[in-house]
Every structure is written in C-alpha cells, then in structure tokens.
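Undergrad: Provided below for reference: sequence and predicted model.
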Amino acid sequence: MSKTAPGTRLHLLHLHSTFDAGGKERRSTSLINRFGKAVDHSIVSAQPGALGARAQIDPGLSVHFPFGFPPLAGRFGVRRLQTLARAMQGFDLILTYNWGAMDAAMAHAMFAPTLGLAPLIHHEDGFNADEAHKLKTSRNWYRRVALARASALIVPSRQLERVALDVWHQPAARVQRIGNGIPVKDYDPAKARKVRPDALPRVVKRPGEKWVGTLAGLRPVKALPRLVRAFRGLPEEWQLVIVGEGPEREAILAEALRLEIGHRVHLPGHVAKPAEATALFDLFALSSESEQFPLSVVEAMASGLAVASPAVGDVADIVASENAPFITPQGDEAALGAALLRLAEDEGLRRQVGAANQLRALQEYDEAAMARRHAAVYAAALGLPAFP
C-alpha cells in the first residue's frame, strides 16, 4: 500500500523498456538527481544488462537495481502478470516507460486493487522501428486496457498527446504533456571553447576539420545509414561523428565503407557528458524514422548549433524559426543531404541559426521547469502537497 503521509521517505519503482543511455534515460536520471537524497529508487530494465544510464546518476543517492525481478516482457499470461504485480508491492509510486514496460502497466491494471499496489504513472516517449510509420492495432488495444488504472500518462510531444487522446482513448485529465528539458547552462558555447579536441574516445578533432555530429542510440529507428548517405556530399574537411551505442554499429560502418567515406565517419561510442560532444560539433543532424521530442535536438540547440533533421515528432516546433528551412520532409534523404550541404557551406548562416536555437533553448527548455512539472504530477498521484 502506498504511503502518502507528508514527510514520509518515498520509494519509487522505475520499470524501463531499456536503461541504456539515451534521451529517455537522460531525462529519468536527471529527475532522480534533482529529487536527491529524499527519495529511494529501484530501477529495472526490460532488457537484462541494459543499464548503461546508471553512470549518469549522482553518487551517494539511494538507487538500487533489484536482482531477480520478474521479466517485464514475455508471453501474455495471467499467472505471469500476477507474479509481476506481486513484485511491484511495497513501493510508493510505480513509474513505467515505453512499450517495453507495458506488461507491468497491464499487471497493475489487473491486480492493483487486490494487491494494494501503489499508483502508477506511465511515460511514453515514442515508437521503435516496427511502429515508426503505422501503429499496430493490437498494441493500441493493449495500451488502452493496460493504462486503465494509470494515474497519469506523461508524453513529451504534441503528436504523442494526439495519439494518447484519439487512438488510445485516454481521458484528457490523465494525459500530461511535458516537454523534455536539459540543464541549458551546461551547454553554453562559451564553455565549449574549453573542451579539448581529444575529449571523445577514439576520435580527435584535427585543425581545419568540421564535424557534423549526432547523439543517438545505434538502433534501426534512428536510420543512421541514411545519415551516412546524406552526409557523403559534404566537402572533404567535414567529418561525421555519431555518438552512441547499439546494435546498428556494423551496419553504419558498412555503409560508410560502401560509399568509400569510412575515413570520414567516426563512432566513438557512449559519451558520459553529451555537452562535451556537442561542444566539438559544428552542425547537428538527425535522421530518425520516428521521434517525439528528441533531447539531442535540444542539447544541440543549447550548444548554439544549427540542426538538419527530418520533420519527425515535434522537431519542427522545437527549433527556432530561423532553423525551419532545414527541417526536411520525413524520409526524403536527398532533402536532408541538401540541408546539410547548405549549412556546411555557409558558416555565417550556421552561426545565425545556431544563435537563434540557443536563445530558444534557454527560454523554453531548461530542465528545472521540466522537473517541477513532473514533481507536480507525481505529487498529485500520491495525494501529497509536494514532491519529494
């Protein structure tokens, strides 16, 4: 049973589709860090061993990774979901993230009253490659039922808000749209000048080089081989630096070798401090099949970078109006390449667009406002005047 008395130390259970380092995980860890020592956390990943984001959690906080927690994904079965629900007992608030944790939401919907489970809040950040172009009817139905007892459904984008209301038929009072935020001042371009050219692993920025950069999990939905193809027309001094880890690494490198630009495409892997990567970028690019409110775009903007990206999710609304001409039709590889080339060839234009993006990030996307809104939703679910 949830403890809701003011002053009680709270224990949150986080059930993630994956806890590898990515935008969703960066937001989650930043909230954990902001909530500080007043809250205990237990974190479970639907993908065993996918816990790379734990390195982003501040030392000294009460954060646990329970051993032997039932798998979040598997064949549907009442007994399996009941076992999962029993493992969710004893916490004060249950937080689920994305489709990979939807079975936990279903277990909560089925067994919360009989087992006295805490309130559940679901966070939905977008879709994998299998739903990038069309949502699956069976999953829409499952989400609708699984979220029946959720106290809130938090989404970052207008597109997801429309899906939640019109496709998943969630009550308007349940759906909370909270845009992603970052510690904007950490990305100040003035600080970037102090970043060493060898700050990233396995790659050094050499004199005269320019970098097109991106921050992304190396997954099919990010369509990174497409970015390699869009990049190939840029002048020789330009390098493509793709920061992140994931199963698409070999496919990206193979495409670069096929196009005979392997010497200009670099995959340094995971970087613990994204600001050190964006500080070395001269231009930011996105190539995803599906996004909602990509944190990487906000990080690039805060770093004073122009952004070339397909019009996925809310990207066209996130960037400054000066950046709008470089948001291209979704799936149009040639248009993305043309946007990159135009920005690469005009340093003054890059600086002008980047300055406008930096100002917008400072005004609209600071982490503090995002954290306050999450805390308010969590407090309402717990029946508390404030959280933590």
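TA: Received it, and whenever you're ready, just let me know what you need.
Undergrad: which strands and helices sit next to the lowest-mean-pLDDT helix or strand in the chain?
TA: With mean pLDDT, DSSP states H and E as the measure, the helix or strand of the chain carrying the lowest mean pLDDT is helix 189-192 (a mean of 81). Using 3 or more CB pairs under 8 Å, 6 or more residues apart in numbering; DSSP states H and E, the elements in contact with helix 189-192 are helix 274-278. (Each C-beta comes from the backbone N, C-alpha and C, glycine too.)
Undergrad: hmm, 10 Å instead?
TA: Helix 189-192 sits against helix 274-278, helix 347-364, with contacts defined as 3 or more CB pairs under 10 Å, 6 or more residues apart in numbering; DSSP states H and E.
Undergrad: sheet-wise, list the partners of the helix or strand that that helix is followed by with their directions.
TA: If you walk from helix 189-192 toward the C-terminus, the next helix or strand you reach (DSSP states H and E) is strand 210-215. Applying DSSP bridges, strand 210-215 is found paired with strand 238-243 (parallel), strand 283-285 (parallel).
Undergrad: tell me who's in contact with the closest residue in space to residue 51 that isn't next to it in sequence.
TA: Closest residue in space to residue 51, ignoring its immediate chain neighbours: residue 19 at 4.9 Å, by CB to CB, 6 or more residues apart in numbering. Shown in contact with residue 19 (CB atoms under 10 Å, 6 or more residues apart in numbering): 25, 28-29, 43-47, 49-54, 65, 97.
Undergrad: so for the least confident helix or strand of the chain, what gets flagged as buried?
TA: Within helix 189-192, the residues scored as buried using 16 or more other CB atoms under 10 Å are residue 192.
Undergrad: ok, residues contacting it?
TA: Residues contacting helix 189-192 (CB under 10 Å, 6+ apart): 185, 275-276, 278-281, 302-305, 354-355, 358.
Undergrad: residue 203: which of these is nearest?
TA: residue 280 (9.0 Å; CB to CB).
Undergrad: need the contact list for that closest one.
TA: Taking CB under 10 Å, 6+ apart, we find residue 280 in contact with 192, 195-200, 203-205, 209, 211, 213, 241, 243, 303.
Undergrad: let me know the secondary structure of it.
TA: When classified by DSSP: H, G, I helix; E, B strand; the rest coil, residue 280 comes out as coil.
Undergrad: can you tell me the SS state at residue 153?
TA: strand.
Undergrad: coming back round to it: output the helices and strands packed on helix 189-192 in CSV, with mean pLDDT appended to each entry.
TA: Output for the helices and strands packed on helix 189-192, formatted as CSV (pLDDT from 0 to 100):
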stretch, mean pLDDT
helix 274-278, 94
helix 347-364, 96
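Undergrad: and among these, the most buried is which?
TA: Among these, the stretch with the highest mean neighbour count (mean count of other CB atoms under 10 Å) is helix 274-278, at a mean of 23.
Undergrad: neighbouring contacts of that helix?
TA: Applying CB under 10 Å, 6+ apart, the contact partners of helix 274-278 are 21, 23, 26, 56, 182-183, 185-189, 191-192, 195-196, 199-200, 211, 213-215, 241, 243-244, 268, 271, 284, 295-296, 299-305.
Undergrad: apply 6 Å and report the result again.
TA: 186, 187, 195, 199, 215, 243, 271, 299, 300, 303 (CB atoms under 6 Å, 6 or more residues apart in numbering).
Undergrad: please identify which helix or strand holds the residue nearest to the fifth one when sequence neighbours are not counted.
TA: Spatially, and ignoring its direct neighbours in sequence, residue 215 is nearest to residue 296 (4.0 Å; CB to CB, 6+ apart). Element membership of residue 296 [criterion: DSSP H and E] is helix 295-302.
Undergrad: could I get the CA-only coordinates of that helix as PDB?
TA: Presented in PDB, the C-alpha positions along helix 295-302 are these (Å, rounded to 0.1, in the frame of the first residue of the first chain):
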ATOM      1  CA  LEU A 295      16.500  15.500 -26.200                       C
ATOM      2  CA  SER A 296      19.500  15.500 -28.500                       C
ATOM      3  CA  VAL A 297      18.000  18.300 -30.600                       C
ATOM      4  CA  VAL A 298      17.500  20.500 -27.500                       C
ATOM      5  CA  GLU A 299      21.100  19.700 -26.500                       C
ATOM      6  CA  ALA A 300      22.400  20.800 -29.900                       C
ATOM      7  CA  MET A 301      20.300  24.000 -29.700                       C
ATOM      8  CA  ALA A 302      21.600  24.900 -26.300                       C
END
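Undergrad: following that helix in sequence, what is the next regular element?
TA: Next element after helix 295-302 (DSSP H and E): strand 307-310.
Undergrad: what about this structure, any weak spots by pLDDT?
TA: Residues of the chain that meet the criterion pLDDT under 70 lie in 1-7.
Undergrad: which stretches of it form helices?
TA: 23-35, 78-87, 102-115, 137-146, 158-166, 189-192, 224-231, 249-258, 274-278, 295-302, 315-318, 333-344, 347-364, 367-382 (DSSP state H).
Undergrad: the longest one versus helix 333-344: what angle between them?
TA: Right, the one you point to is helix 347-364. 100 degrees (axes from the mean of the first three to the mean of the last three CA atoms, to 10 degrees).
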